[in-house]
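**Q** Here is my input; please provide its structure:
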Amino acid sequence: MAAGGRPRARSAGQAVRQGVGRLWLLLCVCLCGWLCAPGLAAAQAGTAAGDGISDLRLEASEGGLYLSAALRFELPPLAEDALLKGISIHFVEEAEVLRERWYWTDKAVARATRYLRLSYQPLTRRWRLSQAAVPFSASGLGLGSALGQTYDELGDALAAMQRIARWKIADIDDIDRNAAHLVHLRFRLDMSQLPRPFQIGAMGRSGWDLVLSRTERLSIEPQP
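**A** Sure, this is the predicted structure:
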């Protein structure tokens, strides 16, 4: 009977372990849902509030392909609070030109990226917006080639950030005039540039969410 009892004991042990595993998986799923729900609600609220990209225009000339657009968004409350505490907030604008292919995934033929840094200067009570083609860093990378302007009010700095005027995103030689192309524009708050304690605290918190995107078809005269 002992010999016959061992398989039943092992089977009972396996059943217990499987039950515990299923319970652990269920708890993980519930926890993920609980953490993600505020972010999803915030994203829906942002869309309902009118956040987005409008007036997207593409202009092709001998000098290249230029993009203009208007961004509509409210600065996340936690980001504004960090600014008032003297912490710079970073943003990224990304544009990608894709050539459509019916037989395969679309091919990226050009990419352009711009980095923006918004900061508050408590001594002068003024806001500074800087823009560069390379990421900013604590060591000062990007400062040498950055363009910057100072504003009296936060709203004025945000208004300047929300205007994209004739940004060159591709050389004209990158565009095949006999093929169809799409242009994808994305704007986001870059939390990877926050100080480490803020990065940890921002994980799973909807108060830092800010991502805008839009895709537009490129209309260009084909070559004769």
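**Q** switch to C-alpha atoms for all contacts and neighbour counts from now on
**A** Will do.
**Q** So which residues of this structure form helices?
**A** Counting by DSSP state H, the chain has helices at residues 2-48, 77-84, 154-161, 196-202.
**Q** The lengthiest strand in the chain: which residues count as buried?
**A** Counting residues, the longest strand found in the chain (DSSP state E) is strand 107-121. Buried residues in strand 107-121, counted by 16 or more other CA atoms under 10 Å: Val109, Ala110, Thr113, Arg114, Tyr115, Leu116, Arg117, Leu118, Ser119, Tyr120, Gln121.
**Q** That strand pairs with which strands, parallel or anti?
**A** strand 89-99 (antiparallel), strand 126-132 (antiparallel) (DSSP bridges).
**Q** what about Leu67, how many residues close to it?
**A** Residues lying near Leu67 (other CA atoms under 10 Å) number 19.
**Q** That one and Arg125, how far apart?
**A** 33 Å (CA to CA, to the nearest Å).
**Q** Where does pLDDT dip in this structure?
**A** Applying pLDDT under 70 to the chain flags residues 1-50, 138-145, 197-207, 221-224.
**Q** mind running it again at 80?
**A** 1-51, 137-146, 194-208, 220-224 (pLDDT under 80).
**Q** Without its sequence neighbours, what residue ends up closest to Glu94?
**A** Thr113 (4.6 Å; CA to CA, 6 or more residues apart in numbering).
**Q** Quick check: that neighbour touching Pro135?
**A** No - assessed by CA atoms under 8 Å, Thr113 is found out of contact with Pro135, at 9.5 Å.
**Q** just so I know, which of the strands paired with strand 107-121 lies nearest Gln162?
**A** strand 89-99 (10.7 Å; CA to CA).
**Q** neighbours of Ala133, just the number please.
**A** A count of neighbours around Ala133, defined by other CA under 10 Å, yields 14.
**Q** Who is the closest residue to it other than its chain neighbours paired with across the strands?
**A** Nearest non-adjacent residue to Ala133, counting by CA to CA, 6+ apart: Arg114, 5.0 Å away. Here Arg114 sits in beta bridges with Glu93, as judged by DSSP bridges.
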